[in-house]
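[1] The following comprises the amino acid sequence and a computationally predicted model.
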Amino acid sequence: MEVGAWVLIAGVALVALELVTGGFYLLWYGIGLAVSGAIGWAIGSDEWAWQIAIGMAIGLVLMIVFRKRLVRKRKNEPKDEFLLEEGEGTIKEGDLVEFRGTLWRYDAEVGAQFAVGERVNVRPQPGARVLVRKK
């Protein structure tokens with residue numbers, strides 16, 4: 001098998017590995033190696049060092065160009081509004097309340113007692129807890 005084919009295979013393997021890691025770094029280098037390997041294979045070049053160097057340069061340029069766009073999109077995504085609104089929940093055993101399909105630890109006013117299965121108003125608060133009060 002020609003050297004260009006091996007570089008192409010290495011590029012495709014990096015792209016596949018990126019699907020597992022999810023950091024977008026291997027993707028760019030994988031694309032660069034795949035492009036330089038495909039070109040080297042098409043022209044019949046046996047210069048593997050140049051193919052790898054060109055592939056890495058292509059990957060670096062792609063990473064610089066597209067990373068800014070991806071980061072900008074992530075910053076503009078709407079925030080999760082899962083716990084921004086009040087709602088109704090059900091008291092469960094072990095100081096838990098079921099709210100929107102998830103169990104949460106809750107805080108309540110001093111002296112408030114709740115029975116398992118009781119429906120309560122749930123209000124979000126900072127952290128991983130909610131505040132409950134009688135309906």
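    Thanks, I have the structure now.

[2] how distant is the one helix or strand in the chain whose mean pLDDT sits lowest from the center of its chain?
    The weakest-scoring helix or strand in the chain, judged by mean pLDDT, DSSP states H and E, is helix 48-76 (a mean of 81). With C-alpha atoms, centre = their mean, to the nearest Å as the basis, helix 48-76 stands 19 Å off its chain's centre.

[3] Which elements pack onto that helix?
    helix 3-21, helix 25-43 (3 or more C-beta pairs under 8 Å, 6 or more residues apart in numbering; DSSP states H and E). Any C-beta I mention is one placed from the backbone N, CA and C, and that applies to glycine too.

[4] Next, the angle helix 3-21 makes with that helix.
    On the basis of axes from the mean of the first three to the mean of the last three C-alpha atoms, to 10 degrees, helix 48-76 is oriented at 30 degrees to helix 3-21.

[5] what is the orientation angle of helix 48-76 with helix 25-43?
    Using the same axes, to 10 degrees, helix 48-76 lies at 140 degrees relative to helix 25-43.

[6] Which of the helices and strands packed on helix 48-76 sits closest to G111?
    Nearest of those to G111, taken as C-beta to C-beta: helix 3-21 at 51.0 Å.
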